[in-house]
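Asker: build me a structure from this.
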Amino acid sequence: MGLFSFFRNKKNNAILANPFGGSISPERPEVQKETFIEEEKTSSELRTEHAWNIDYLFEILNRDHEQRGYDDALRNPDSSHLDQNVLLLKNELGRTIKKVKTFYDSFMKEIDFHIESRSRNGMIDTVDELKMKREIAQNHVQKILEIETDAQKGQGDSQGISLSYTRGFKNGLAAISHHSILKRPI
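Answerer: Residues are numbered from 1 along each chain as shown. Next up, the predicted model:
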């Protein structure tokens, strides 16, 4: 047995010592997909991360539905499918707005209780802070009501939801035509 064959056998069968304790496997560690790729979160995952507040509503409004529309067009290129899915997205927004309004209604009642209770105990600074928080919440409710009105009219901040989905759906239809007809030799 030669000097180098000793190292070769040791290298293939051994686990390397770690100066900090434990051992290090000579094989490459498995890298999790989540380390480098962030997947879009579902609404239930978002709900657990955030309260049903205005930030959550804006996350819903800021979502890009273009890829979803594109994929839906490839699965079912019927324009009635487009209309139904746009309606579903609008209904989802409407439900989210109702949930956010309910959240703020409860939050305002809770703030009112704290204002009244802390006022009775002479906690002037705390009451002032609570009143400021209530004013911020009222401003959020006002913006939510504006978004709701715009959504009912099909304009404003909510318009991006249907526009991005429709754009994706039409791009999917164009891709179908391009690959099935336009690339075909005549």
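
Asker: going forward, measure contacts between C-alpha atoms and count neighbours the same way
Answerer: Will do.

Asker: which elements pack onto the longest helix along the chain?
Answerer: Longest helix in the chain, counting residues (DSSP state H): helix 79-120. Packing partners of helix 79-120 (3 or more CA pairs under 8 Å, 6 or more residues apart in numbering; DSSP states H and E): helix 54-62, helix 124-153, helix 159-177.

Asker: cutoff 7 Å now
Answerer: If you count contacts as 3 or more CA pairs under 7 Å, 6 or more residues apart in numbering; DSSP states H and E, helix 79-120 packs onto helix 54-62, helix 124-153.

Asker: and of the ones you listed, who's closest to residue 86?
Answerer: helix 124-153 (12.3 Å; CA to CA).

Asker: ok, back up a step: can you say which of the helices and strands packed on helix 79-120 is nearest to residue 104?
Answerer: helix 124-153 (7.0 Å).

Asker: if you average pLDDT over the closest one, what comes out?
Answerer: The average pLDDT for helix 124-153 rounds to 95.

Asker: distance of residue 173 from residue 65?
Answerer: From residue 173 across to residue 65, the span is 15 Å (CA to CA, to the nearest Å).

Asker: try residue 118
Answerer: 46 Å.

Asker: which of those two has more residues huddled nearby?
Answerer: Between residue 118 and residue 65, counted using other CA atoms under 10 Å, the more crowded position is residue 65 (20 against 17).

Asker: contacting residues around the more buried one?
Answerer: 161, 164-165 (CA atoms under 7 Å, 6 or more residues apart in numbering).

Asker: with residue 151 instead?
Answerer: Contacts for residue 151 (CA under 7 Å, 6+ apart) come out as residue 158.

Asker: and it, how far is that from residue 116?
Answerer: Separation of residue 151 from residue 116 (CA to CA): 36 Å.

Asker: with residue 107 instead?
Answerer: 14 Å.

Asker: okay, those two: which has more neighbours?
Answerer: residue 107 (15 against 11).
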